[in-house]
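Sequence and predicted structure, then a few things I'm wondering about:
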Amino acid sequence: GMRPLFILATLVVVAVAPPPRREAPPPPPPDVRPVDAQHNYPAGEQPHEQPNVNGQRPQYEFTYSKYLEEVVKILETDPVFSEKLRSMPEEDIKEGKIADHVDSISDPIAQRLHTLKVAELERLRESLAKQIEADGGAHNIKMPQHLDLQNWEKFGKEDLRLLIKQTVADMAEIDRQRAEGFKQYEMQKKAEEDHKLAQMQPDERAKAKHEIEEKEKRHNEHEKLKHPGSRDQLEEVWEESDQMQKDSFDPRTFFNLHDLNGDGMWNSEELEALFQIELDKMYNETNPDDDPREKMEEMARMREHVVRQMDKNEDRMISLEEFLQDSEAQSQQKAPEAWEDIGQQLDHNQVGPEHQVYTDEELRKFEEEYAKQQGWGSDAYQPVDTPPPPTGQQHVQQPEVQQGTHAPPPVQQQPVVHQPPAPPVQVHAAVPPQQAQQQQAVPVQPHQPIHDIPKDPAYGI
């Protein structure tokens, strides 16, 4: 009977970190954290995903999560409101139309909501005061969007409508931030790798490149991942996790087996639990070739894919009805191709730009900016192969070696050329070494052995 209210309450389940409430870990470094240029949030009010620790699933967190949680708890205790919910389509609840029935709640419930709203307004007032003090003015103030500020003295239907709307929007924003943050993470990894390779000598670089290729090859050597949410992927879970006969797969029974809290819906955690067999094919916690952050992103992408495929009312959950409709539709369709995993999307030889984690152009721009941040200079990613040493004295010895390999004539005349160099050294003192070499090459042209000096840049190859 309480299932419709759960549609509203699930926003709390997904959005609020489970108790006990822990202090959030420190944020990632500025160069990795995505910059939100498209959305305006009040200071401290921007939704964020708590960083995952040791490969654990990150939790969503809003500054108004506690307020959201308390609103739902209070509404659950009102029998009239619950009855209205039972007769309302899920789409209407998600759009916030349930808010029209707030006026029907009893006076004691209404009073508790009013008190709660006043406390939330006080929290916001303190938050804004701190921001004004920190900024030295109100120029950066953005007003909160999750409650009705026009009628601050009471909790009305507009408060509930705005709260639902803002929570759904913020959860979508968190997913956007996660995807963007992952892209930044992968580009930073690539930038640091490219810079490190550029600093190596040619033979060392070749060896390092080979090791990187071997690591990627080992990581990508796994059986193909079944398409998340496809019949064969779910049958694999039915057979291996549920220990059922493959040919006896029953969609209704399968849904109930994986509706772990029995509310008639699959939420994010229940969906992600379905993908563990596929993820284990590709990621091993003890394998240094496998990146736990990539595993978390792979899992989130699988969830988003299945939600896009099955979730018709866009409430971020899968109902039994939605699952059965999708199962029926799949039985009439050809099985989808294997899942294109992150390892493939990072290999630009395998996929086109539309499927890549980042494009070549995005990486180029990122590396350029990242090199500036790190103070690496403009040639941060150019291989630094050993150039000819710049000092004049060393140039005496280098042609010796080269000319010794060329033929018999030079050895005697080499010292002769450089022993009377008192005048040239003084002339070249104020000239850059390269220009000095060029100027020196012109007057001494009559001397046969000197003709070989312009070939210096090839020395050592």
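Nice, thanks for sending it over.

which residue packs closest to the residue nearest the centre of the chain, ignoring adjacent ones?
Centre of the chain computed as the mean C-alpha position; nearest residue by CA atoms, centre = their mean is F182, 1.2 Å away. Spatially, and ignoring its direct neighbours in sequence, F182 is nearest to E297 (4.7 Å; CB to CB, 6 or more residues apart in numbering). Heads up, the C-betas are built off the backbone N, CA and C, glycines and all.

which element is that neighbour on?
helix 292-310 (DSSP states H and E).

Who are the packing partners of the following helix or strand past that helix?
Counting by DSSP H and E, the next helix or strand C-terminal to helix 292-310 is strand 318-319. Counting contacts by 3 or more CB pairs under 8 Å, 6 or more residues apart in numbering; DSSP states H and E, strand 318-319 packs against strand 265-266, helix 292-310.

mind listing what strand 318-319 pairs with, with the direction of each?
Applying DSSP bridges to the sheet, strand 318-319 is found paired with strand 265-266 (antiparallel).

Residue ranges of each domain in the chain, please.
3-173, 200-347 (automatic domain parsing).

Mean neighbour count, mean pLDDT and distance to K190 added to those domains, as TSV?
Shown next, in TSV, are these (neighbours: other CB atoms under 10 Å; pLDDT from 0 to 100; distance: least, CB to CB, whole Å):
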stretch	mean neighbour count	mean pLDDT	distance to K190
domain 3-173	16	73	13
domain 200-347	16	93	9
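
Adding distance to D360, write these out as TSV.
Output for the domains of the chain, formatted as TSV (distance: least, CB to CB, whole Å):
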stretch	distance to D360
domain 3-173	20
domain 200-347	12
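
Identify whichever of those lies nearest to Y370.
Checking the domains of the chain against Y370 by CB to CB gives domain 3-173 as the closest, at 6.3 Å.

and the angle from whichever helix or strand A208 is part of to helix 292-310?
For A208, the element it lies in under DSSP H and E is helix 202-220. Angle between the axes of helix 202-220 and helix 292-310 is 40 degrees (criterion: axes from the mean of the first three to the mean of the last three CA atoms, to 10 degrees).

quick one on the thing from earlier: in a markdown table, list the helices and strands packed on strand 318-319 along with distance to D148.
As requested, these are exported to a markdown table (distance: least, CB to CB, whole Å):
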| stretch | distance to D148 |
| --- | --- |
| strand 265-266 | 29 |
| helix 292-310 | 30 |
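
Let me know the secondary structure of the closest residue to W152 other than its chain neighbours.
Sequence neighbours aside, L121 is the residue nearest to W152 in space, at 5.9 Å (criterion: CB to CB, 6+ apart). Counting by DSSP: H, G, I helix; E, B strand; the rest coil, the backbone at L121 sits in helix.

any idea how far L121 lies from A371?
L121 is 47 Å from A371, where distance means CB to CB, to the nearest Å.

go on, F254?
From F254 to A371 the distance is 51 Å (CB to CB).

on that earlier part again, the helix or strand harbouring the residue nearest to the centre of the chain: how far from the chain's middle?
Taking DSSP H and E as the definition, one finds F182 inside helix 157-198. Taking CA atoms, centre = their mean, to the nearest Å, one finds the center of helix 157-198 at 6 Å from the center of the full chain.

same deal with stretch 204-216?
Relative to the chain's own centre, stretch 204-216 is displaced by 25 Å; criterion: CA atoms, centre = their mean.

Please list all residues in contact with the residue nearest to the centre of the chain.
By CB atoms under 8 Å, 6 or more residues apart in numbering, the residues touching F182 are R293, E297, V357.

Report the contact partners of the second one.
Translated: E297. Contacts of E297 by CB under 8 Å, 6+ apart are R178, A179, F182, I342.

what's the closest of those to L225?
Of all the contacts of E297, I342 has the smallest distance to L225: 10.5 Å, by CB to CB.

just checking, that closest one touches V357?
Yes - between I342 and V357 there is a contact under CB atoms under 8 Å: 6.6 Å.

State the distance spanning the first to the last residue of stretch 331-341.
25 Å (CA to CA, to the nearest Å).

now it, how far from the centre of its chain.
For stretch 331-341, the distance to the chain centre is 26 Å (CA atoms, centre = their mean).

repeat for stretch 206-218
Distance of stretch 206-218 from the chain centroid (CA atoms, centre = their mean) equals 24 Å.

One more: stretch 274-291?
Distance of stretch 274-291 from the chain centroid (CA atoms, centre = their mean) equals 18 Å.

Name the residues that touch it?
In contact with stretch 274-291 (CB under 8 Å, 6+ apart) are residues 55, 215-216, 218-219, 222-223, 225-226, 228, 233-234, 236-237, 240-241, 258, 292, 294-295, 298-299, 302-303, 306, 339, 341, 343.
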